[in-house]
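*Asks:* give me coordinates for this.
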Amino acid sequence: LFSDILVIAEALGIEVTMPGGVGILVPNPLAGPEEVESRIPKLSDITPAFIEETLGVVLESVKLIRAKMVEENISVPLIGFSGAPFTLMFYMIGGSSRKNKEAGMQWLNNHPEESKTLLDTLTKIITEYMAAQVESGAHMLQLFEAMGMMLEEKEFEEFALPCLEKIAVDLKARYPDIPLMIFSRGACYANEKLSKMGFDVVTMDGDVDRATARATVDGRCGLQGNYDPRELIEENGKTAETVKESAKELLDALGPQRLIANLGEGLGGKESPELVSVFIDTIHSYSEELIKKASA
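*Replies:* Numbering: from 1, shown residues only. The predicted structure follows:
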């Protein structure tokens, strides 16, 4: 299931537009710390009824997808999805990947108490939203800190990490058998700490050294990532053979078990569907080969 991360911002009364070609726009972001109190619902307002009222269309989609999967006898996991607290805050205060990149750091350092209040509210709504997706039929959950790179390590550990831990602890207490995945893009220096918080899978971006990735999580969780999507673009001179080679390198480095072979970044639109298929097929066939060798 994919639902844009900013549906939560909209649920909290922040207008979001996507006109095409210019990325995400927030026409009227929070202008200052005083607007956290005047424009954002209180923590006590974030109830299951609030989630159903503001995000019910996503929950209904989960139910419809599950029903269709049963009807068509499709046996694959349906993954629920949400953006993480700091990432949502970043957009809500006017930050973006194209401009105002310093907005997050400025708010956290200039308005720490109001920032924590906003992050607490976002943590609560994300937890309830993801829980509602499970109740609607999601098999597993992915939490996405898409804008981790917009923080320095000190601020990430002080403000972002406690929110991620609270979400993990709360959801695993409620749903111990539902796998929970985390991707802290641009802040994978935090993967060791994330692996100790209860997440079942920690995702690697393209900067993570595969040679040390397993030691970083030390068997506490599985890994996801970190194939380079540029390997899938024919304009880069990539072919079926180069994709097979690089996909095998991924598995040779990380092993085929407790790994979700995935990208370290999102698809950009130039990737070849044929090369994507080669990647998937190679992962399946070569992982089976490695597993058989290990058990022989």
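*Asks:* list the beta-bridge partners for the residue nearest the centre of the chain.
*Replies:* Nearest to the geometric centre of the chain sits Phe144, at 2.0 Å (CA atoms, centre = their mean). Beta bridges link Phe144 to Gly83, Phe183, judged by DSSP bridges.
*Asks:* ranges for the strands of the chain?
*Replies:* All strands of the chain, identified by DSSP state E, fall at 79-83, 140-145, 180-184, 201-203, 222-227, 259-263.
*Asks:* now these in JSON lines, with distance to Gly21 and mean pLDDT?
*Replies:* Glycine gets a C-beta too; all of them are placed from N, C-alpha and C. Listed next are the strands of the chain as JSON lines, based on distance: least, CB to CB, whole Å; pLDDT from 0 to 100:
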{"stretch": "strand 79-83", "distance to Gly21": "22", "mean pLDDT": "96"}
{"stretch": "strand 140-145", "distance to Gly21": "23", "mean pLDDT": "97"}
{"stretch": "strand 180-184", "distance to Gly21": "26", "mean pLDDT": "98"}
{"stretch": "strand 201-203", "distance to Gly21": "28", "mean pLDDT": "98"}
{"stretch": "strand 222-227", "distance to Gly21": "27", "mean pLDDT": "97"}
{"stretch": "strand 259-263", "distance to Gly21": "23", "mean pLDDT": "97"}
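*Asks:* redo those as CSV? Include distance to Asp4.
*Replies:* Rendered in CSV, the data for those read as follows (distance: least, CB to CB, whole Å):
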stretch, distance to Asp4
strand 79-83, 8
strand 140-145, 11
strand 180-184, 15
strand 201-203, 19
strand 222-227, 20
strand 259-263, 18
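*Asks:* going along the chain, name the helices of the chain.
*Replies:* Here the chain has its helices, by DSSP state H, at 7-11, 34-39, 48-71, 85-92, 103-110, 112-136, 153-155, 161-174, 191-194, 210-217, 240-254, 273-295.
*Asks:* tell me which of those helices sits most buried.
*Replies:* helix 85-92 (a mean of 27; mean count of other CB atoms under 10 Å).
*Asks:* about what we covered before: a markdown table for the helices of the chain, including mean pLDDT and distance to Leu78?
*Replies:* Conversion of the helices of the chain to a markdown table gives the following (pLDDT from 0 to 100; distance: least, CB to CB, whole Å):
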| stretch | mean pLDDT | distance to Leu78 |
| --- | --- | --- |
| helix 7-11 | 96 | 17 |
| helix 34-39 | 96 | 34 |
| helix 48-71 | 96 | 6 |
| helix 85-92 | 97 | 22 |
| helix 103-110 | 95 | 32 |
| helix 112-136 | 97 | 9 |
| helix 153-155 | 97 | 34 |
| helix 161-174 | 98 | 16 |
| helix 191-194 | 98 | 23 |
| helix 210-217 | 97 | 25 |
| helix 240-254 | 98 | 25 |
| helix 273-295 | 97 | 18 |
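*Asks:* among those helices, which is nearest Leu1?
*Replies:* Checking those against Leu1 by CB to CB gives helix 48-71 as the closest, at 6.1 Å.
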